[in-house]
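1. This is the structure alone, sequence omitted:
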């Protein structure tokens, strides 16, 4: 259950985004843009936004599971009486 999402995976994706921003951008500068431009920023955005929404998705899924369990618990109690 990931009530707060998955903070470890979130930090790993942020780290990957920033490391790739630096390394890919450095490679683009060294090659003087021959291999393309902007891939480092693309990786940063993809990892940060993807990690954020993945974590939020896990958190909301866990909250939904808790609410379902609570609601089902109330229904089963009502059926007993």
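-> The structure has been received and is ready for your questions. This structure is a prediction, so every number in the text was calculated from the model and none was measured. Numbers count the residues shown, from 1 in each chain.
2. Just give me the neighbour total for residue 15.
-> 12 (other C-beta atoms under 10 Å). C-beta here means a position set from N, CA and C on the backbone, and glycine is covered the same way.
3. typo on my end, it should be residue 45
-> 13.
4. can you check the one 4 residues further on too?
-> Using other C-beta under 10 Å as the criterion, residue 49 is surrounded by 12 other residues.
5. What separation do you get for it and residue 40?
-> Residue 49 sits 15 Å away from residue 40, going by C-beta to C-beta, to the nearest Å.
6. For the residue nearest the centre of the chain, which non-adjacent residue is spatially closest?
-> Note on the chain: the residue nearest the mean C-alpha position is residue 51, at 2.2 Å, using C-alpha atoms, centre = their mean. With C-beta to C-beta, 6 or more residues apart in numbering as the criterion, residue 51 has its nearest non-adjacent residue at 3.1 Å, and that residue is residue 13.
7. quick one on the thing from earlier: show the contacting residues for the residue nearest to the centre of the chain.
-> 9, 10, 12, 13, 14, 17 (C-beta atoms under 8 Å, 6 or more residues apart in numbering).
8. Please, which helix or strand holds the second one?
-> Using DSSP states H and E, the secondary-structure element containing residue 10 is helix 7-30.
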